[in-house]
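Participant: pasting a predicted model and its sequence here:
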Amino acid sequence: MYDFLVVGAGLFGSVFAYEANKAGKKVLVIDKRSTVAGNIYTENIENINVHKYGAHIFHTNNKKVWDYVQQFAEFNRYTNSPIAVYKDELYNLPFNMNTFNKMWGVVTPQQAKDRIDAQVKEARITTPKNLEEQAISMVGKDIYEKLIEGYTGKQWGKPCSELPSFIIKRLPVRFTYDNNYFNDKYQGIPIGGYTGIIEKMLEGIEVRLNTDFLENRDEYSSIAKKIIYTGMIDEYYDYCYGELEYRSLRFETEMLNVENYQGNAVVNYTEYEVPYTRIIEHKHFEFGCQNANEVNNKTVITREYPAEWTKGDEPYYPMNDEKNNQLYTKYKTLSDKEENVVFGGRLGMYRYFDMHNVVDEALKLSEKLLG
């Protein structure tokens, strides 16, 4: 008999498992994938740590969380400064004075604000009702049409006029010449990749891979006093109220016999006609082209394609619109009645989390259940 069965060897499950093991509890971790680390899994290819399931940059203002992850790896000083490409025009992200200067030729913050205000006034937006109106009210029509409309439509599979406004509110808008995407005090990439972090967390803990909890639900439910479930909450309940909506992703990874393909870790392609949303060149996460004495004449790139999710696909992003949030509330009501099952993580809580949020939520649950 185990004290805890943790379903899912991703970040949430691994943090909880580490804390439970440290507290002297007997823990079993299972995962239906053949690897640990969930979506933060990194694989070393030609001495390049490849982010197999999309770019992951750790960033936070939470010193407790930052200090916590430092136990498991040394982090470099990587700063996320993506580039956006629209019809061979290059723009800096997040939206800042470099973006405004390239778009309009303005050089002062006031000139940029005046240009945005004029376009908002022309659009006659007072209270934004959807993502399109919210975006225009933030950065004006020109930037919306070139850098937001196509990219966001691809990402979510819907026109911006049909998406909730809160999605775009996560994007920074700055009237300074600052290309640092995140405002957070702490930011970086673990040297050697994320997989090593999870492997250290799970040291000394029994882990079974290629193991699907739902295929042997009765057996696994009977061997643990409590279950920490990080899979899809609607799937756990056999979709009894209907399917929650997600967005999926498809990745095309390619090794190239060049030292440096695009000069940046992340380049977004904002035209709707370009089927992928971004190209990731993984070596730049760990400054693979910085040292002239250690030239690696190969590089690995990944094209990231958004995809419609259907049952059986890998879910990446919850569609937190009003309809889906109401449906989730029904499943949450069911889960609150569970005595021996606790749901966690992005899929278990049906919420968009960055990595620091996941660590924080897992630590809160650990404190609650372990004392």
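Facilitator: Looks like it came in fine. Here the structure is a predicted model, which is why all the values come from computation and not from measurement. Residues are numbered from 1 along each chain as shown.
Participant: and the strands in the stretch 101-250 of the chain?
Facilitator: Secondary structure of the stretch 101-250 of the chain, counting by DSSP state E, counting those that start in this stretch: strands at 186-188, 206-208, 224-229, 246-256.
Participant: mind exporting the helix or strand just after the last one as CSV, just the C-alpha atoms?
Facilitator: Along the chain past strand 246-256, the next helix or strand (assigned with DSSP states H and E) turns out to be strand 266-269. Taking Å, rounded to 0.1, in the frame of the first residue of the first chain, the C-alpha atoms of strand 266-269 are listed here in CSV:
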residue,chain,number,x,y,z
VAL,A,266,12.1,32.0,-30.9
VAL,A,267,10.8,33.6,-34.1
ASN,A,268,7.0,34.0,-34.5
TYR,A,269,5.4,33.9,-37.9
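Participant: contact partners of strand 266-269?
Facilitator: Contact with strand 266-269 is made by 55, 80, 82-85, 93, 151, 276-281, as judged by CB atoms under 8 Å, 6 or more residues apart in numbering. Bear in mind the C-beta positions are built from the backbone N, C-alpha and C, glycine included.
Participant: quick one: terminal-to-terminal distance for stretch 274-281?
Facilitator: With CA to CA, to the nearest Å applied, stretch 274-281 spans 18 Å between its terminal residues.
Participant: circling back: of the contacts of strand 266-269, just the buried ones, ChimeraX syntax please.
Facilitator: In ChimeraX syntax, the buried subset of the contacts of strand 266-269 is picked out as below (16 or more other CB atoms under 10 Å):
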select :55,80,82,83,84,85,93,151,276,277,278,279,280,281
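Participant: looking at the contacts of strand 266-269, which one is closest to residue 201?
Facilitator: Comparing these against residue 201 with CB to CB places residue 55 closest, at 21.5 Å.
Participant: so which helix or strand takes in that closest one?
Facilitator: Assigned by DSSP H and E, residue 55 belongs to no helix or strand.
Participant: check contacts around residue 232.
Facilitator: Neighbouring residues of residue 232 by CB under 8 Å, 6+ apart: 244, 246, 315, 347, 348.
Participant: by neighbour count, which of the residues you listed wins?
Facilitator: Neighbour counts for the contacts of residue 232 peak at residue 347, which has 26 neighbours (criterion: other CB atoms under 10 Å).
Participant: got the contact list for the lowest-mean-pLDDT helix or strand in the chain?
Facilitator: The weakest-scoring helix or strand in the chain, judged by mean pLDDT, DSSP states H and E, is strand 317-318 (a mean of 94). Applying CB under 8 Å, 6+ apart, the contact partners of strand 317-318 are 244, 245, 246, 247, 324, 346, 347, 350, 351, 352.
Participant: give me that answer again for 10 Å
Facilitator: Outside of strand 317-318, the residues within contact range by CB atoms under 10 Å, 6 or more residues apart in numbering are 155-156, 167, 232, 244-249, 306, 309, 324-325, 328, 346-347, 349-353.
Participant: I'd like the contacts of strand 266-269 as TSV, with secondary structure and pLDDT appended.
Facilitator: TSV is the format used below for the contacts of strand 266-269 (DSSP: H, G, I helix; E, B strand; the rest coil; pLDDT from 0 to 100):
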residue	secondary structure	pLDDT
55	coil	97
80	coil	97
82	coil	97
83	strand	98
84	strand	98
85	strand	98
93	coil	96
151	helix	98
276	coil	98
277	coil	98
278	strand	98
279	strand	98
280	strand	98
281	strand	98
